[in-house]
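Enquirer: any chance you could fold what I've pasted below:
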Amino acid sequence: MATSNEPIAGARAASSKPLLSLEAGAFAAVLLALAILPMFLTDFTTFTVTKVLIYALAIMGLNMLTGINGQFSLGHGAFFAAGAYTTAILMEQVGVNYALTLPAAALICFGLGFLFGFPALRLEGIYLALATFALAVATPQLLKLSIFQEVTGGVMGILLYKPETPFGLPISQDKWLYYFTLIVGLFLYWLARNLVASRTGRALMAIRDNPIAARSMGVNLAMYKATAFGISAAFTGVAGGLFAIVISFVAPDSFTFFISVSFLVGMVIGGVGWLPGALIGAAFIVYVPNEAEKISQGLSGAFFGVFLILMIYLAPNGAGGLIQAGVARVKRLF
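Expert: Numbering: from 1, shown residues only. Okay, the predicted model is just below:
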């Protein structure tokens, strides 16, 4: 005998199917666009789009820490630099294949993030921001020290070779590196989505929402917070490794505090806590400064600030908030 709740449950299940199909269709459309995009672009434009993908990975790593776990960081440029130098040193001085340097960059940056996360457990809010700010400011200076010069190249940095296109594929090096970055990015996005949906992800979000309640439920705050720092640093380190491979050059001045601020801006523009927004945020920090410079070279910073203020005013919750509001409207229609 049917109960009165069965029609309601059936209606909810039916209404969720179009939404799931909409999400899957949007993901497939974006993936298809990214796959065929280089076919219509020059090598230089493809190189620029590859930078967008790399920055998107770094922003996604920061979002895992700030958006998912609630810890604020102004120092992810340091982990980005650590990943880049790990790849550069392994490629240039050890002769490791460029693809194999990325797991090494992830492991080293995970260790650095985990070790930094433990002392930072006593810090919250603005004090944690100041600690990570100090990390970002100190990193370029440490890379310039004479005691590390034989390894890091000092002020001159490390010049790398650009990987050749493998398997005799009829595409240029820049287009191959674009597809290589896209494959790595999709794998990391899959890992991040599964991590957020896992028990660990739920624990990280519980700490973000109410640490006292999370502790009372048996969540080890110290371990999970340090692990969140490590995971976030690992994602950003892989992005740094890809940056070194694509740019084919690393130097301390490439990893100033400004790049950490850019990651933070990209995360806010894309939507805090919304992983797909990393791609939108990365496009913003790559293309908007260029457009501002086209308007006026002398006032490019001022125009960039105007664009940023307008974006925050029109979408205070970032691109993620706009898209989620659109999805909510579709849900009401169904």
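
Enquirer: just the strands in this structure please.
Expert: 158-159, 249-250 (DSSP state E).

Enquirer: among these, which is the most enclosed?
Expert: strand 249-250 (a mean of 20; mean count of other C-beta atoms under 10 Å). For glycine as for every other residue, the C-beta is placed from the backbone atoms N, C-alpha and C.

Enquirer: in terms of secondary structure, what does it contact?
Expert: helix 76-89, strand 158-159 (3 or more C-beta pairs under 8 Å, 6 or more residues apart in numbering; DSSP states H and E).

Enquirer: return the most buried member of the ones you listed.
Expert: Counting by mean count of other C-beta under 10 Å, the most buried of these turns out to be helix 76-89, with a mean of 29.

Enquirer: check the offset of that one from the chain's centre.
Expert: On the basis of C-alpha atoms, centre = their mean, to the nearest Å, helix 76-89 is displaced by 14 Å from the centre of the chain it belongs to.

Enquirer: could you do stretch 178-191 as well?
Expert: 12 Å.

Enquirer: run through who's touching that stretch.
Expert: With contacts defined as C-beta atoms under 8 Å, 6 or more residues apart in numbering, stretch 178-191 is touched by 31, 34-35, 38, 46-47, 49-50, 53-54, 56-57, 60, 99, 102, 171, 235, 238, 242, 245-246, 275.

Enquirer: re earlier: could I get the helices and strands packed on strand 249-250 as TSV with distance to A136?
Expert: Putting the helices and strands packed on strand 249-250 into TSV (distance: least, C-beta to C-beta, whole Å) gives the following:
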stretch	distance to A136
helix 76-89	5
strand 158-159	20
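
Enquirer: lowest average pLDDT across these?
Expert: Note on these: strand 158-159 shows the lowest mean pLDDT, a mean of 90.

Enquirer: could I have the buried ones of the contacts of stretch 178-191 as ChimeraX selection syntax?
Expert: To isolate the buried members of those in ChimeraX, using 16 or more other C-beta atoms under 10 Å:
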select :34,38,46,47,49,50,53,54,56,57,60,102,235,238,242,245,246,275
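
Enquirer: so which of the contacts of stretch 178-191 sit within helices?
Expert: Of the positions in the contacts of stretch 178-191, 31, 34-35, 46-47, 49-50, 53-54, 56-57, 60, 99, 102, 235, 238, 242, 245-246 sit in helices, assigned by DSSP state H.

Enquirer: quick one: low-confidence parts of the stretch 201-334 of the chain?
Expert: Within the stretch 201-334 of the chain, the stretches with pLDDT under 70 are 334.

Enquirer: okay, the residue nearest to W176 when sequence neighbours are not counted and M39: tell me how far apart.
Expert: Of all residues not flanking W176 in the chain, T165 sits nearest, at 4.3 Å (C-beta to C-beta, 6 or more residues apart in numbering). The gap separating T165 from M39 is 15 Å, by C-beta to C-beta, to the nearest Å.

Enquirer: give me the more crowded residue out of those two.
Expert: Counted by other C-beta atoms under 10 Å, T165 and M39 do not tie: T165 has more neighbours, with 17 against 9.

Enquirer: contact partners for the more buried one?
Expert: T165 sits next to I171, S172, Q173, K175, W176 when contact means C-beta under 8 Å, 6+ apart.

Enquirer: now A138: how far from I312?
Expert: Using C-beta to C-beta, A138 is found at 30 Å from I312.
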